[in-house]
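Novice: Predicted model and sequence below, questions to follow.
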Amino acid sequence: MLNEQEKLQLITQIVLDINEVKDIDLLLERILTSVRKVFNADAGSIYLLKDRDTLEFSYTQNDTLRERLGTGKKLIYNTFTIPVNDDSIAGYVANHNETVGISDVYTLDDATPYAFDSSFDELSDYRTRSMLTVPMTNQRGDVLGVMQVINARDDDGSPVPFASSDKGLIRHFATSAALAVERARMTRDIILRMISMAELRDPKETGAHVNRVGAYSVEIYEEWSRRRGLSPEEVTLQKDTLRMAAMLHDVGKVAISDLILKKPARLNMDEYEIIKSHTYLGARLFKDINSDFDEIAAEVALNHHEKWNGTGYPGYINPFTEAPLPGYADTDGYPRPKRDEEIPLFGRIVAVADVYDALCSRRSYKEPWDEGRILEEMHQSSGSHFDPEVVEAFFGCLDMLKSIAQRYPDEE
């Protein structure tokens with residue numbers, strides 16, 4: 001176990017690291033992983049304030065439960081809300097802006113102003129003991145959420161109470177984490193405002209849809225990388241950018257006429273050619289490449305309709321002149337479609353995520369497909385529409401994709 005000075009030094013380094021993460025979902029993952037490392041905690045959760053009176057269970061980790069799942073598997077969880085009041089520990093902490101440390105949650109007496117809900121322990125066969133719960137506050141002192149770490153461990157891995165000095169240290173960490181959360185929420189809001197412009201043109205481009213496609217893409221990429229033996233450090237560097245870029249895959253539709261996007265009947269050939277232009281029109285939005293995000297967002301927008309067998313679009317096109325790239329015109333003078341690994345990896349991944357979500361979703365022209373039909377279609381499209389290795393990764397993380405769908409439901 002680390003001493004107090006070592007914990008403070010680690011917190012200082014971690015604060016610098018988390019400030020580099022821009023996507024809110026990936027930030028919560030990084031925050032919880034980091035804080036558990038500092039305090040050697042087996043498990044933890046983050047609740048974010050949904051409104052003034054409600055906390056939303058937003059992210060959780062549990063090493064004991066994850067190890068039961070086997071190598072490469074992630075803990076699946078559902079989101080839920082709790083009131084900001086004294087009925088629960090997290091609600092009490094948010095309500096009073098107070099840090100609470102508990103040596104054993106099962107020994108709370110009747111005089112304690114909050115209560116521990118043991119239902120999760122009973123359902124999962126887990127034993128919560130020590131707990132440290134802290135408000136996440138911004139520079140104005142406003143509570144943005146609650147961070148909770150569970151079951152500190154000694155050097156042998158046995159559960160022990162948190163050290164008395166940990167209260168002050170975790171409060172320091174939580175304040176820095178809250179500032180990063182506030183910035184990441186602002187970034188997400190900006191992206192969703194861009195999406196809302198596309199939604200005004202194309203009702204399919206909803207916030208829920210793009211959040212699902214972004215989250216699916218990250219899970220598929222992680223599984224693909226694990227099967228390829230890529231280092232976790234390399235994957236971590238890419239996930240943040242992929243998540244945001246995947247959300248903007250169809251942003252080029254803002255330039256397409258409503259007469260085409262909202263046409264209730266099948267498009268004719270000329271209209272279909274126009275709708276295909278949203279790929280390179282989207283890539284144009286990121287023409288000034290000033291960051292990895294600009295580069296990958298342009299890559300995803302341009303390539304997410306390419307097909308593994310070379311029958312997709314728009315192919316080897318210059319997004320600005322709409323002419324084929326030199327040496328890549330077909331016999332009719334059109335840009336040759338990309339095929340196989342000519343298609344950038346993130347374009348291949350977002351293609352799978354986007355089609356899967358479309359099949360699962362209700363549209364004006366169709367009902368959601370049943371699961372068996374969806375999975376058969378994804379399987380049959382391997383090697384034609386989709387990269388076979390990406391499809392294998394898709395099936396390898398399917399349970400996690402289903403949980404993501406529940407986290408971002410369509411509005412009724």
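Specialist: Cool, got the structure.

Novice: only C-alpha atoms for contact and neighbour calcs from this point on.
Specialist: Fine.

Novice: ok, now which ones touch the closest residue to residue 292 other than its chain neighbours?
Specialist: Distance criterion C-alpha to C-alpha, 6 or more residues apart in numbering; nearest residue to residue 292, sequence neighbours excluded, is residue 241 at 7.2 Å. Counting by C-alpha atoms under 8 Å, 6 or more residues apart in numbering, residue 241 touches 23, 292-293, 296.

Novice: from those, which is closest to residue 208?
Specialist: Among these, residue 23 lies closest to residue 208 (C-alpha to C-alpha), at 15.4 Å.

Novice: List the buried residues for the host helix or strand of residue 219?
Specialist: Residue 219 is located in helix 207-228, with elements delineated by DSSP states H and E. Buried residues in helix 207-228, defined by neighbour count with 16 or more other C-alpha atoms under 10 Å: 207-225.

Novice: which residues touch the residue nearest to the spatial centre of the chain?
Specialist: Residue closest to the average C-alpha location in the chain (C-alpha atoms, centre = their mean): residue 215, at 3.9 Å. Neighbouring residues of residue 215 by C-alpha under 8 Å, 6+ apart: 243, 404.

Novice: Next, work out how far apart it and residue 181 are.
Specialist: 18 Å (C-alpha to C-alpha, to the nearest Å).

Novice: next one: residue 277
Specialist: Per C-alpha to C-alpha, residue 277 is found 36 Å from residue 181.

Novice: Also residue 323?
Specialist: 43 Å.

Novice: about what we covered before: return the set of buried residues in the helix or strand following the helix holding residue 219.
Specialist: The C-terminal neighbour of helix 207-228 among helices and strands, as given by DSSP H and E, is helix 232-247. Neighbour counts over helix 232-247 (16+ other C-alpha under 10 Å) mark 238-247 as buried.

Novice: mean confidence for helix 232-247?
Specialist: Across helix 232-247, the average pLDDT comes to 93.

Novice: what does stretch 368-388 give?
Specialist: Averaging pLDDT along stretch 368-388 gives 97.

Novice: and the worst-scoring helix or strand of the chain on mean pLDDT, how far from the chain's centre?
Specialist: Every helix and strand in the chain was compared by mean pLDDT, DSSP states H and E; the lowest is helix 258-261, with a mean of 82. How far helix 258-261 lies from its chain's middle: 31 Å, per C-alpha atoms, centre = their mean, to the nearest Å.

Novice: And for residue 139, nearest residue in space, chain neighbours not counted?
Specialist: Nearest residue to residue 139 in three dimensions, chain neighbours excluded: residue 179, at 7.5 Å (C-alpha to C-alpha, 6+ apart).

Novice: One more: residue 85?
Specialist: Using C-alpha to C-alpha, 6+ apart, the nearest residue to residue 85 is residue 91, at 4.9 Å.
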